[in-house]
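Visitor: Here is my input; please provide its structure:
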Amino acid sequence: MRVLIGCETSGVVRRAFEKYGHDAWSCDLLECRDVSDKHLVCDVRKALKMSWDLFIVHPDSTYLCSSGMHWTTRGYRDPKLTDESLSFAIEMIEADVPRVCAENPHGHISTHYRKYDQVIQPNQFGDDASKATCLWLKNLPSLIPTKQIEPRIVYKNGKEYKRWANQTDSGQNRLPPSADRWQIRSDTYPGIADAMAAQWGSL
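Guide: This is a model prediction of the structure:
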């Protein structure tokens, strides 16, 4: 299967498909962060002109996710940035490829385009982390969870809260501020990548 992973610099999903014997390529405007000759540095729309059997894409969520929309609604950033990001995401979801998966957090795509087909968590696929991820699917079945990781329980003001390893007790992400924090937080968790390759690669 020829697989294109759009907007990926980590190589996590590409390597998962390669492990199962597929001809997988990643593509981004930036160089990949692993050493690979299977990474295209270009606008993903250019790469889509080639022939692919499966397209998995991670549109930038900076201007689309619910957690950041208050910056736009309160007038701190240009609404055009959200409009442009949404247009790009829709173009990716509707790409002319037989099978498509686009992923993004909860946010603008669901409220201004269409509802997601599935919501997954890395802790359903063997990774000790919480990160709700929405999937928009075309000719693909929902992913089947592979291994549930149970959370630690935190008690606050008499209430019980579930927390995973990537979260502080208050629920914030543990990653400290850094220049590449946005990239690290956007990386696909290995368990999810492996499930995509194992389940969708056998269709």
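Visitor: And the strands in the protein?
Guide: With DSSP state E as the criterion, the chain has strands at 2-6, 23-28, 39-41, 54-57, 99-104, 118-120, 133-138, 152-156, 159-163.
Visitor: could those go into JSON lines alongside distance to residue 200?
Guide: From N, CA and C alone the C-beta is placed, and that goes for glycine too. As requested, these are arranged in JSON lines below (distance: least, Cβ to Cβ, whole Å):
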{"stretch": "strand 2-6", "distance to residue 200": "9"}
{"stretch": "strand 23-28", "distance to residue 200": "11"}
{"stretch": "strand 39-41", "distance to residue 200": "20"}
{"stretch": "strand 54-57", "distance to residue 200": "6"}
{"stretch": "strand 99-104", "distance to residue 200": "7"}
{"stretch": "strand 118-120", "distance to residue 200": "12"}
{"stretch": "strand 133-138", "distance to residue 200": "9"}
{"stretch": "strand 152-156", "distance to residue 200": "32"}
{"stretch": "strand 159-163", "distance to residue 200": "29"}
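Visitor: could those be laid out in TSV, adding distance to residue 171 and mean neighbour count?
Guide: Below are these laid out as TSV (distance: least, Cβ to Cβ, whole Å; neighbours: other Cβ atoms under 10 Å):
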stretch	distance to residue 171	mean neighbour count
strand 2-6	30	25
strand 23-28	30	23
strand 39-41	35	17
strand 54-57	28	26
strand 99-104	20	23
strand 118-120	18	17
strand 133-138	17	20
strand 152-156	9	11
strand 159-163	7	12
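Visitor: Using a markdown table, lay out those strands together with distance to residue 88 and mean pLDDT.
Guide: Converted to a markdown table, the strands of the chain look like this (distance: least, Cβ to Cβ, whole Å; pLDDT from 0 to 100):
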| stretch | distance to residue 88 | mean pLDDT |
| --- | --- | --- |
| strand 2-6 | 10 | 98 |
| strand 23-28 | 13 | 98 |
| strand 39-41 | 17 | 98 |
| strand 54-57 | 10 | 98 |
| strand 99-104 | 10 | 97 |
| strand 118-120 | 21 | 98 |
| strand 133-138 | 13 | 98 |
| strand 152-156 | 38 | 95 |
| strand 159-163 | 33 | 96 |
